[in-house]
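Any chance you could fold what I've pasted below:
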Amino acid sequence: MKIICIEGVPYEWLKSLQGIHAQVFDGSSLPVEKLESKNELLCLLAVEGQEVVGFKLGYRHPDGVFYSWLGGVLESKRGQGIASQLMKYQHEQLRVLGYKKVRTYGRNTKKAMLIVNIKHGFSIVSTFTDEKGRHKIIFEKSLV
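Take a look at the predicted model:
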């Protein structure tokens, strides 16, 4: 497996990325317009052969912190450490790009992702309820 890092929208890999997104997020779509609207989008793809098996997306938040937005791994590839590899690579890239902190949101219904965040040094800094009434946990990690 190799990790490909793309600054901006990964047009060449978009269909595969959208397929994994739909699998991970209960069939929801990821429109290209939404990706194009993100400031300084950073896309990491875990690729085996020519198949995308996982992804991690994030962008610069208005406060200057990098927001690790979306990620996921094909169901058939879970439990192999792919999410952890993507996270480690993302944090290395963020340091190179000069970021001092990374933030992400989690939901109690996605326990595997909560565990990965804690294992990789994130701290819970707050919680909130989003516009859809879902309880969310805010995680942050210093990169310095």
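
Please identify the buried residues of the helix or strand of the chain with the lowest mean pLDDT?
Here the helix or strand of the chain ranked lowest by mean pLDDT, DSSP states H and E is helix 111-119, holding a mean of 89. Residues 113, 114, 116, 117 are the ones in helix 111-119 that count as buried (16 or more other C-beta atoms under 10 Å). Bear in mind the C-beta positions are built from the backbone N, C-alpha and C, glycine included.

likewise stretch 72-89?
72, 73, 74, 77, 82, 83, 85, 86, 87, 89.

dump the residue contacts of the first one.
It stands for residue 72. By C-beta atoms under 8 Å, 6 or more residues apart in numbering, residue 72 lies in contact with 20, 21, 23, 24, 25, 54, 55, 83.

Counting only helices, which of the residues you listed make the cut?
20, 21, 23, 24, 83 (DSSP state H).

and residue 66, how many residues sit next to it?
25 (other C-beta atoms under 10 Å).

looking at it, it is touching residue 59, isn't it?
Yes: with contacts counted by C-beta atoms under 8 Å, residue 66 reaches residue 59, the gap being 7.4 Å.

between these two, what contacts are shared?
Shared contacts of residue 66 and residue 59, defined by C-beta under 8 Å, 6+ apart, comprise residue 42.

would TSV of the ones in helices among the contacts of residue 72 with distance to residue 94 and pLDDT be doable?
Listed next are the ones in helices among the contacts of residue 72 as TSV, based on distance: C-beta to C-beta, whole Å; pLDDT from 0 to 100:
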residue	distance to residue 94	pLDDT
20	22	93
21	21	93
23	26	91
24	22	88
83	16	92
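
Just the buried subset of the residues you listed, please.
The neighbour count (16+ other C-beta under 10 Å) marks 20, 21, 24, 83 as buried among those.

which one of those sits closest to residue 45?
Closest to residue 45 out of those is residue 20 (9.4 Å), distances taken as C-beta to C-beta.

my guess is that closest one contacts residue 55, does it?
Yes: counting by C-beta under 8 Å, residue 20 touches residue 55, with 5.9 Å between them.

show me what contacts residue 116?
Contact analysis of residue 116 by C-beta under 8 Å, 6+ apart lists 83, 84, 87.

Give me the below-cutoff pLDDT ranges for this protein.
Judged by pLDDT under 70, the chain has no weakly predicted residues.
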